[in-house]
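> quick one, fold the following:
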Amino acid sequence: MPVTEIETWLGRMSICESQEAITEVHWNGPAGQDETPLLREAAAQVNAYLDGKLETFDLPLAPKGGDLHQTVFQAMLAIPYGRTRTYGDVAKELGTYGQPVGQACGANPIPIIIPCHPILSANGLGGYSGAGGLDTKIALLKLEGGYPFLV
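Below is the predicted model:
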């Protein structure tokens, strides 16, 4: 599987590709190998996002997951830059419950590019499964200006 590594202010990240689509993003993941033009573009977009110069990713994505996970991933992609939603908001929209939405967020194999960080609990931050946990979630929300609930 082709992989590229990038150094970011969040730490070292690995971006994985399979069949000409991005499939995974890991903190301290596998070492880079067989880098492709798509991986170079994905790395450039992630760096531009983390530098505050990109609001919307334009990459082919193929996250693994069942039907509900795929539906939640699409809902996450529809959240505008700098905006937040609650697990309950997403659940209501999808006709399910907050807990399965939270589980899908935690299983998101392409964090940052598929933005799970803007999904919050009804009375706080909720969780974040990426490296650094809530500190990373807060940093990403601050980057996007979507953190007024913290003040």
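
> now do the closest residue to Leu50 other than its chain neighbours: how many residues are near it, please.
Counting by Cβ to Cβ, 6 or more residues apart in numbering, Thr8 is the residue found nearest to Leu50 once chain neighbours are left out, at 5.2 Å. Every residue, glycine included, has its C-beta placed from N, CA and C. By the criterion of other Cβ atoms under 10 Å, Thr8 has 15 neighbours.

> quick one: the strands in the chain, in order.
Here the chain has its strands, by DSSP state E, at 3-8, 11-18, 21-27, 85-86, 119-120.

> just those: most buried one?
Mean neighbours per residue, mean count of other Cβ atoms under 10 Å, is largest over the strands of the chain for strand 119-120, with a mean of 24.

> tell me which residues are up against that strand.
76, 79, 84-87, 90, 101-102, 105, 126, 149 (Cβ atoms under 8 Å, 6 or more residues apart in numbering).

> what do you get for stretch 41-61?
Contacts to stretch 41-61, defined as Cβ under 8 Å, 6+ apart, come from residues 4, 6, 8-10, 13, 15, 17, 20-23, 25, 38, 73, 81-82, 110, 112-114, 143-144.

> for the contacts of strand 119-120, pick the one with the most neighbours.
For the contacts of strand 119-120, neighbours tallied by other Cβ under 10 Å; top is Val101, 29 neighbours.
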